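Student: need a structure here:
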Amino acid sequence: MPKPTTSPLMRATALAFALAGGTVLAAAPALAAGKGHAAAEAQTLELSKQVIALRSVQGPGNETDKVAGVFRDALVKGGWAASDIEIVPVGDTAYMIATWKGSDASLKPLVVSGHMDVVEAKRADWERDPFVPVVENGNLYGRGALDMKFNAALAVSSLIDMRQAGYKPKRTIVIAFSGDEETTMKTSQILAERLKGADIVINVDGGGGMLSEEGAKPLAWTWEGAEKNYADFKLEVTNAGGHSSAPRPENAIVQLSQALVRIGAYHFTPEVSPLTKAFLESAARITPEPDIAGAMRAFADNPTDASAIATLRAHPETIGRIETTCVPTMLSGGHALNALPQRATANINCRIFPGHKREDIMAELVKVADSPVVKFSDVTEGSTASPASPMRADFLKAADKAIHQAYPGIMVIPAQSSGASDSMWYRVNGVDAYGASPVLIKGSEEFAHGLNERVPLSNIKPGVVYFTSLLTDLSK
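Tutor: Purely as a prediction, here's the structure:
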């Protein structure tokens, strides 16, 4: 599903610092020295190239099953038994489960989650063929480089390295890669149902961090413990229509427009959770604009602070952090230039703060529209409401240790995503899931779902350090 690897606020903050010539850290953190992982680093790049070259796009010719095959072959060579790896076809796609059995069968598994499919990319629009991986100026280019084939290759290569180094997990580790996360999420739901007995999920398709525009210095890293719930509501007005030379008081376009204006001006009640409170308090420390930083602190302390609310609502980067948002995204009406409209429709897209049901949000919008002629219907597909994961001490400790082994001194910021990922399907099944990718990029180079998608190869070495530490601590 469409989602940023890093938060809009972090991108804006990085840009603001770059323009101001400031720095987040007193000195740029150097990569931690330690045991080498040359084989895993080389394999990360090789696997990334192989899977980026496969067109794992929904529809005819979908090669997601071949992506799974590349990972399966690498895992078998790395020590997994072929019988411990499943590739299961579902429609035109497939999902993969690879199991590394732990020594203590009484412990619930650790799941490493991700997806193998990518959004469409057309050669005519790109400078390079999106399905021909290219390394240039320290970046790997290709569809899926950032979202999220590189991350998958990095995690798989790190696990292979751990196994070949002789590590023996106490807790079973399961690699669970879905095949339609960018579209219908059928395989995402299947995986989450099959693995609902897991202890914890590390979703490598979430979180991440920022590099400064000048010098590519690490600025901050986020992990995601929740995501706002996605919803689409259709609004429709119908009437008899007629000749445009004989207008009537009831005009479907006008009636729908009046309702949309009211919805557009409406704000849901601001709220804060333990996760968003921690985010606001941490992000305020690196936000260069004093008014926004002050508003973050004030709102975290008192979510009814009117001045803080007004300030945060005024910025696209922060409004979604404090409340449910619903905005018109599509509009259609009429059937002829010289006829009164018989029908007018619109789509309202909502990102709902965890803890609220879609039907309750739609009911609130019905009241706001205040028009009995506007028919509302929930047309949401491929999404479900999910609770926030708790701020688990074992995850927090392991993640903090891992990212600081990779980037000593980097600031860690918990976050709630405004996008949608496989994590929601695990959370709705009662399994704690955390978006925790180690990939850091510049805000100006984030092109997930866009043209000329790329990822800095400077992420390979610290990424292996990070995954080795994190997955060891959570499975030992």
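
Student: can we go C-alpha only for contacts and neighbour counts from here?
Tutor: OK.

Student: pull the number of nearby residues for Glu359.
Tutor: 13 (other C-alpha atoms under 10 Å).

Student: my read is it is in a strand, agree?
Tutor: No - under DSSP: H, G, I helix; E, B strand; the rest coil, Glu359 falls outside any strand and is assigned helix.

Student: ok, it - contacts?
Tutor: Glu359 makes contact with Asp378, according to C-alpha atoms under 8 Å, 6 or more residues apart in numbering.

Student: so it versus Ala259, what's the distance?
Tutor: Separation of Glu359 from Ala259 (C-alpha to C-alpha, to the nearest Å): 18 Å.

Student: could you find the closest non-adjacent residue to Ile97?
Tutor: Ala176 (4.7 Å; C-alpha to C-alpha, 6 or more residues apart in numbering).

Student: for the strand or helix carrying that neighbour, which positions count as buried?
Tutor: When elements are assigned from DSSP states H and E, Ala176 belongs to strand 173-178. The neighbour-count check on strand 173-178 (16 or more other C-alpha atoms under 10 Å) flags 173-178 as buried.

Student: which parts of the stretch 301-450 of the chain are strands?
Tutor: Applying DSSP state E, counting those that start in this stretch to the stretch 301-450 of the chain gives strands spanning 325-333, 339-340, 343-352, 375-378, 411-417, 432-435, 440-442.

Student: quick one: the helices in the stretch 1-150 of the chain, in order.
Tutor: Here the stretch 1-150 of the chain has its helices, by DSSP state H, counting those that start in this stretch, at 8-20, 38-52, 64-77, 149-164.

Student: could these be laid out in CSV, adding mean pLDDT, distance to Ala393 and mean neighbour count?
Tutor: Formatted as CSV, the helices of the stretch 1-150 of the chain follow (pLDDT from 0 to 100; distance: least, C-alpha to C-alpha, whole Å; neighbours: other C-alpha atoms under 10 Å):
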stretch, mean pLDDT, distance to Ala393, mean neighbour count
helix 8-20, 43, 24, 18
helix 38-52, 98, 29, 20
helix 64-77, 98, 31, 20
helix 149-164, 98, 22, 25
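
Student: among the ones you listed, which is nearest Gly225?
Tutor: helix 8-20 (16.5 Å; C-alpha to C-alpha).

Student: what pLDDT is listed against Glu381?
Tutor: Glu381 carries a pLDDT value of 88.

Student: again but with Ala27, I slipped
Tutor: For Ala27, pLDDT reads 34.

Student: how long is stretch 412-430 end to end?
Tutor: Stretch 412-430 has an end-to-end distance of 26 Å (C-alpha to C-alpha).

Student: right, and Thr184 touches Glu381 too?
Tutor: Yes - taking C-alpha atoms under 8 Å as the definition, Thr184 is a contact partner of Glu381 at 7.1 Å.

Student: the more surrounded of those two?
Tutor: Thr184 (15 against 12).

Student: can you report phi and psi for the more buried one?
Tutor: Thr184 adopts backbone torsions of phi -90, psi -20, taken as degrees, to the nearest 10.

Student: grab the nearest non-local neighbour of it.
Tutor: Closest residue to Thr184 apart from its sequence neighbours, by C-alpha to C-alpha, 6+ apart: Gly382 at 4.9 Å.

Student: what number of residues lie near the one you found?
Tutor: Counted with other C-alpha under 10 Å, residues neighbouring Gly382 total 17.

Student: who touches it in this structure?
Tutor: Per C-alpha under 8 Å, 6+ apart, neighbours of Gly382: 183-186.

Student: mind redoing it with 10 Å?
Tutor: Counting by C-alpha atoms under 10 Å, 6 or more residues apart in numbering, Gly382 touches 1, 180-186, 188-189, 230-231, 420.

Student: most neighbours, which of the residues you listed?
Tutor: With neighbours taken as other C-alpha under 10 Å, the top of the contacts of Gly382 is Asp180, carrying 29 neighbours.

Student: look up phi and psi at the nearest residue to it once chain neighbours are set aside.
Tutor: Sequence neighbours aside, Asp117 is the residue nearest to Asp180 in space, at 5.8 Å (criterion: C-alpha to C-alpha, 6+ apart). Taking degrees, to the nearest 10, you get phi -90, psi 160 for the backbone angles of Asp117.

Student: so how far is Ile348 from Asp117?
Tutor: Asp117 is 27 Å from Ile348, where distance means C-alpha to C-alpha.

Student: so those two - more neighbours on which side?
Tutor: Legend: neighbour count by other C-alpha under 10 Å for Asp117 and Ile348, higher for Asp117 (34 against 24).

Student: give the contact list for the more buried one.
Tutor: Asp117 touches 51-52, 54-58, 62-65, 67-68, 93-95, 143-144, 147-149, 177-183, counting by C-alpha under 10 Å, 6+ apart.

Student: and it, what's its pLDDT?
Tutor: Confidence score, pLDDT, at Asp117: 97.

Student: if I look at it, how far off is Ala406?
Tutor: Asp117 is 28 Å from Ala406, by C-alpha to C-alpha.
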